[in-house]
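In: Fold the stuff below for me.
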Amino acid sequence: MTLFGPGPDPRSIYPIKDLSSIIFLKNFVKTSNIFIGDYTYFDDPRNGPEKFEKYNVLYNYALSKVKLVIGKFCAIAAETRFIMTGDHKLDAISTYPFPLFGQGWEGVFSFSDVPIKGDIIVGNDVWFGYGTLIMGGVNIGDGAIVAAGAVVTKDVPAYSIVAGNPAKVVKMRFDDPTIDRLLQIAWWDWEIEQINRHLSAICHLDVDRLIKAN
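Out: Numbering: from 1, shown residues only. Prediction:
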């Protein structure tokens, strides 16, 4: 067995030496309703990855009721955007947000009564391609791949590949029994020392060896 490691410190600001476009996202997020797992990285050479909360998490108002939760070991490409809220009133003649502007309009209805779609929950080991758009209230399963430019409006199954607008499943990465086994293993929850011991199996299609390691 080849022992790899120790790997980068998850507390690193810039985990790749002399490359400032990639960050471990957890170390930069300040907003209280955004939760990021260890080793999840964001790559943005144009705007700078440090501005993730400004340019990539949209409509995250101070009084937002929703959360953005992203698991461990996720890869997030530039221009990936998460739509936190921004719903408008649908049970009325007009969808225009009159109270937003105040000056006598603030009492016409309360924004707290406007329905929201819910939290955005992203599993572990998820890959977001360039320019993906994730709408509010969706759940993205472990091991999924969201193809570049996809607009995700519905839940994404674990270990699926979704593409298009709206995003649809174009392929499952593994058969159902293998997916079940991988979800039971949940290698991303192992201690990093155990991950390092079995990194070769994780980085290849050696599911049986990974199961024996669990």
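In: what helices or strands is the longest helix along the chain leaning on?
Out: Identified as the longest helix of the chain according to DSSP state H is helix 176-185. Applying 3 or more Cβ pairs under 8 Å, 6 or more residues apart in numbering; DSSP states H and E, one finds that helix 176-185 makes contact with helix 207-213. All C-beta atoms are positioned from the backbone trio N, CA, C, and that covers glycine.
In: Of all the residues in the helix it packs on, which ones are buried?
Out: Of all the residues in helix 207-213, those buried under the rule 16 or more other Cβ atoms under 10 Å are 207, 210, 213.
In: Am I right that Ile161 falls within a strand?
Out: Yes. Residue state for Ile161 (DSSP: H, G, I helix; E, B strand; the rest coil) corresponds to a strand.
In: Outline the domain layout of this protein.
Out: The chain breaks down into these domains under automatic domain parsing: 22-173, 175-214.
In: Report all helices and strands that the helix or strand of the chain with the lowest mean pLDDT contacts.
Out: Lowest on mean pLDDT, DSSP states H and E among the helices and strands of the chain sits helix 207-213, with a mean of 79. When contacts are defined as 3+ Cβ pairs under 8 Å, 6+ apart, helix 207-213 sits against helix 176-185, helix 199-202.
In: Would you mind writing the CA trace of whatever helix or strand comes next after the longest one as PDB?
Out: Sequence-wise, the next helix or strand downstream of helix 176-185 (DSSP states H and E) is helix 192-197. Once non-C-alpha atoms are left out, helix 192-197 reads as follows in PDB (Å, rounded to 0.1, in the frame of the first residue of the first chain):
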ATOM      1  CA  ILE A 192      -7.300  12.600   6.500                       C
ATOM      2  CA  GLU A 193      -4.800  10.000   7.500                       C
ATOM      3  CA  GLN A 194      -7.200   7.300   6.400                       C
ATOM      4  CA  ILE A 195      -7.900   9.100   3.200                       C
ATOM      5  CA  ASN A 196      -4.200   9.300   2.500                       C
ATOM      6  CA  ARG A 197      -3.800   5.600   3.100                       C
END
